[in-house]
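Q: Take a look and give me a structure for this.
(chains A, B, C and D)
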Protein chains: 2
Amino acid sequence: MTYNYNYPRPALTVDCIVFGLDAELDLKIMLIKRDISPFQGQWAIPGGFVRMDETLEQAALRELQEETGIQDVYLEQLYTFGDLGRDPRDRTVTVAYYALINLVDQKIQAATDAREADWFPLSTIPQLAFDHNQILQTAITRLRSKIRYEPLGFELLPKKFTLSQLQKLYETVLDRPLDKRNFRKKILSMDLLIDTGTVEQNVAHRAAKLYQFDENKYSQLKRNGFNFEI
Amino acid sequence: MTYNYNYPRPALTVDCIVFGLDAELDLKIMLIKRDISPFQGQWAIPGGFVRMDETLEQAALRELQEETGIQDVYLEQLYTFGDLGRDPRDRTVTVAYYALINLVDQKIQAATDAREADWFPLSTIPQLAFDHNQILQTAITRLRSKIRYEPLGFELLPKKFTLSQLQKLYETVLDRPLDKRNFRKKILSMDLLIDTGTVEQNVAHRAAKLYQFDENKYSQLKRNGFNFEI
DNA sequence: GCAAAAGTGTTGTTGGTACACCCATGC
DNA sequence: GCATGGGTGTACCAACAACACTTTTGC
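A: Below is the predicted model:
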């Protein structure tokens, strides 16, 4: 077909699944209570319209900043949803992203612009506005498969973390137990963790070593064909 | 932010990378010569505007049908591109898809609506309109990684194929040689190929057995946690 | 001294890789 | 009979899985 700019256009939004890992290593997502119709009073994931002068990623980052105060976050495009009935008022296509953050490092205040917002554990997600439950499901599936071959886990943990925390995170996301010795052997053999020389504080048992992910080394190895894998 | 439907909207298109495998097992993509501005006379991938009454996937299928005559094709969403300068005339966001077909089975006529269209081997892709080279690069990367853990290869081959054809396809896409005995051992051990009992015809050497991919068995195994992998 | 989590090696099994020759067919 | 690709097995090695006890620390 030929280009013709006078056809009616679908509305275009971005929406964002924000995964946050709390101090107890529980994985949560941020939801916002809608204060207007449609789906007034229902929970939804943060998002909003794409402006003419910003890229899709810029729009997602801006909405996150405006609605949740989140900044400097790992963000990745997830999928674009465009089914006909997904917005009851208008034809709306949304480009979904997902973000990964650590709730201890960032101290996100859930509600910044007076709207109600909160973190929900994955086990207690209510019915969401629009097709947001479907978007969430897609995000969980993506996270679950991608964390096995990309070092996404370190985006969810604090900068310095113990091997047990890392293992527990993988067990949470992959939803199955992992053998402690084998896990440590595998992770340490990749030689991508820097021993910070410090240990965790204020624990009622032997203090664990704190490690940091070596991003520089990883991106160098990756260029040479190395594949991260758990 | 609140919903407001009166903001100006970006134009929304779908574009599609069509991978086709020819009789010589060369991987090609379909390009169409643009007959209007912008990028008039340059090659581009098929695509066009999303209508208000069709989903994104329906739009991609319709454009493929209109511009290339292709029907009944494996189609998957690739990525959504929305950089500001990608269309010189207007803000345009495109949802890119990729399709996989076999050129022998389907006998695609490249040009159906009088416009010039042709199949290009990946080694001789010209400079394309818009950001279509970038989209193509993304599609090649996706195909290369996904063919290793999803049975995409069978979408590119004819329904009945020999093990050598399958191996050559994998060598083409992965861009490295594979060991014949190990490849056969691996593939046959998954027990997903049906021996059709027939052999290829008119070859000047020992005729190879023809196999078919067992889709039913695969989707059943997949539900039980089986992972295809080459 | 006890509770709680950190840390550490070995063995058996499985799957990957490397590798070379005979077979069937058409001409 | 020769050229062409089809088809087959074994041996070595690396990675994975299973598994239990000692160490450190705070109380």
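Q: Tell me how far the closest residue to A:Leu21 other than its chain neighbours lies from A:Asp22.
A: Once flanking residues are discounted, A:Leu21 sits nearest to A:Leu156: 4.2 Å by C-beta to C-beta, 6 or more residues apart in numbering or on different chains. The C-beta positions use only the backbone N, C-alpha and C, and glycine is treated the same way. The gap separating A:Leu156 from A:Asp22 is 10 Å, by C-beta to C-beta, to the nearest Å.
Q: Residues touching stretch A:168-185, excluding its own?
A: For stretch A:168-185, contacts defined as C-beta atoms under 8 Å, 6 or more residues apart in numbering or on different chains pick out A:21, A:25-27, A:143-144, A:147-148, A:153, A:156-157, A:163-164, A:167, A:230.
Q: can you tell me which of the residues you listed are in helices?
A: If you go by DSSP state H, those have A:Leu143, A:Arg144, A:Gly153, A:Leu156, A:Leu163, A:Ser164, A:Gln167 in helices.
Q: Turn those into TSV, columns for pLDDT.
A: Shown next, in TSV, are the ones in helices among the contacts of stretch A:168-185 (pLDDT from 0 to 100):
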residue	pLDDT
A:Leu143	98
A:Arg144	97
A:Gly153	98
A:Leu156	98
A:Leu163	98
A:Ser164	98
A:Gln167	98
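Q: Run a quick neighbour tally on A:Gln40.
A: A:Gln40 has 10 neighbours, counted by other C-beta atoms under 10 Å in any protein chain shown.
Q: tell me the contacts of it?
A: Applying C-beta under 8 Å, 6+ apart to A:Gln40 gives the contacts A:Arg34.
Q: Helix or strand: which one has it?
A: Here A:Gln40 sits in a region with no helix or strand, counting by DSSP states H and E.
Q: So it versus B:Asn6, what's the distance?
A: Going from A:Gln40 to B:Asn6 by C-beta to C-beta gives 20 Å.
Q: try A:Met190
A: Separation of A:Met190 from B:Asn6 (C-beta to C-beta): 52 Å.
Q: try A:Gln42
A: Look at A:Gln42 and B:Asn6: by C-beta to C-beta, they are 24 Å apart.
Q: higher neighbour count, the two?
A: Comparing A:Gln42 with B:Asn6 by other C-beta under 10 Å, the one with more neighbours is A:Gln42, at 16 against 5.
Q: Skipping adjacent residues, who's closest to the more buried one in space?
A: Excluding the flanking residues, the one nearest A:Gln42 by C-beta to C-beta, 6+ apart is A:Ala129, at 4.6 Å.
Q: From the chain's centroid, how far away is the helix or strand of chain A with the lowest mean pLDDT?
A: None of the helices or strands of chain A scores lower by mean pLDDT, DSSP states H and E than helix A:103-106, at a mean of 84. Chain-centre distance of helix A:103-106: 13 Å, with C-alpha atoms, centre = their mean, to the nearest Å.
Q: Would you mark the buried spots in it?
A: By neighbour count with 16 or more other C-beta atoms under 10 Å in any protein chain shown, helix A:103-106 contains the buried residues A:Leu103.
Q: Around DNA strand C, pick out the residues from chain A.
A: Residues of chain A lying close to DNA strand C (C-beta under 7 Å from any atom of the strand) are A:162-164, A:180-182, A:184-185, A:199, A:203-209.
Q: how about 6 Å then?
A: Within chain A, the residues that sit near DNA strand C (C-beta under 6 Å from any atom of the strand) are A:Thr162, A:Leu163, A:Ser164, A:Lys180, A:Arg181, A:Arg184, A:Ala204, A:His205, A:Arg206, A:Ala208, A:Lys209.
Q: how many neighbours does the third one have?
A: For A:Ser164, the tally of surrounding residues (other C-beta under 10 Å) stands at 14.
Q: can you pull the contacts of it?
A: Applying C-beta under 8 Å, 6+ apart, the residues contacting A:Ser164 are A:Lys180, A:Ala208.
Q: in chain A, which spans are helices?
A: Counting by DSSP H, chain A has helices at residues A:56-68, A:103-106, A:132-146, A:153-156, A:163-174, A:180-189, A:215-223.
Q: Name the stretch among these that sits most buried.
A: helix A:153-156 (a mean of 22; mean count of other C-beta atoms under 10 Å in any protein chain shown).
Q: Which strands and helices lie in contact with it?
A: Here helix A:153-156 touches strand A:11-21, strand A:92-102, helix A:163-174, going by 3 or more C-beta pairs under 8 Å, 6 or more residues apart in numbering or on different chains; DSSP states H and E.
Q: so what's A:Leu211 closest to, chain neighbours aside?
A: Residue A:211: Tyr, not Leu. With sequence-adjacent residues excluded and distances taken as C-beta to C-beta, 6+ apart, A:Tyr211 is closest to A:Leu193, at 4.2 Å.
Q: pLDDT value on that neighbour, please?
A: pLDDT for A:Leu193: 98.
Q: Just give me the neighbour total for A:Pro38.
A: Using other C-beta under 10 Å, A:Pro38 has 12 other residues around it.
Q: pLDDT score for the closest residue to A:Glu54 other than its chain neighbours?
A: What sits nearest to A:Glu54 in space, not counting adjacent residues and going by C-beta to C-beta, 6+ apart, is A:Arg62, at 6.7 Å. For A:Arg62, the model assigns a pLDDT of 97.
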